[in-house]
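quick one, fold the following:
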Amino acid sequence: MRLLVVIAPEQFRDEELFEPISLFRTEGIEFEIASTRTGTARGMMGGRAEASLYLDDVRTERYDGIVIVGGIGAEKHLWGSGQLRDLIRRFDRDGKLLAAICLSPVALGRAGALKGKRATVFRTAGTLQEMSSCGALASSEDVVVDGRVITANGPAAARRFGEEIVKLLKKK
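Reported below is the predicted structural model:
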């Protein structure tokens, strides 16, 4: 099992990356970190992570799913990324796991992956409008699983988000 984990190059939310990948390591799930640029990415809380892949270089056939981390950098770097939108569409077309937390479910929505799906997001006027515009069925739950799509609403839900990803992968 192998996952692509996508982060913003700056201002990703530390817990939303580090808690799930800690679980992935414990469960023997391989992962690679990608971003809109390679190199050291900085989290909102001061954490650092190495993005070894540029989004354009990702080969989706190497992965069982995509996990998109939130934080305020997600809106600036990920929501409008055409490369990320194309990746999400390819993962979706191939029936793979799609997961996003905090502000990043908007990226799934903009790629068309949430139409008619139950989903949650970090709730702001802007994110709720985005979710509505993309046809998502908005939920106020912390973590929502709808088929192979997993969304979570923020850092407090990061561990459970990771657990649901592991559970879904292990079902396959």
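
beta partners for Ile33?
Val5 (DSSP bridges).

any idea how far Ser132 is from it?
Applying CB to CB, to the nearest Å, the value for Ile33 to Ser132 is 31 Å. All C-beta spots, glycine's among them, are computed from the backbone N, C-alpha and C.

with Ile29 instead?
Separation of Ile29 from Ser132 (CB to CB) stands at 33 Å.

the two: which is more packed in?
Taking other CB atoms under 10 Å, Ile29 and Ser132 do not tie; Ile29 has more neighbours (20 against 12).

spatially nearest residue to that one (excluding sequence neighbours)?
Excluding its sequence neighbours, the residue lying closest to Ile29 (CB to CB, 6 or more residues apart in numbering) is Met1, at 4.7 Å.

OK, contacts around that neighbour?
Contacts for Met1 (CB atoms under 8 Å, 6 or more residues apart in numbering) come out as 28-30, 64, 169-170, 172.

and the pLDDT at the residue most central in space within the chain?
Compute the mean C-alpha point of the chain, and by CA atoms, centre = their mean the closest residue is Ile68, 1.7 Å away. pLDDT for Ile68: 98.

what bridges to it?
Under the criterion used (DSSP bridges), Ile68 bridges to Val6, Ala100.

got a list of what it touches?
By CB under 8 Å, 6+ apart, the neighbours of Ile68 are 5-6, 74, 78, 84, 88, 99-101, 104, 107-108.
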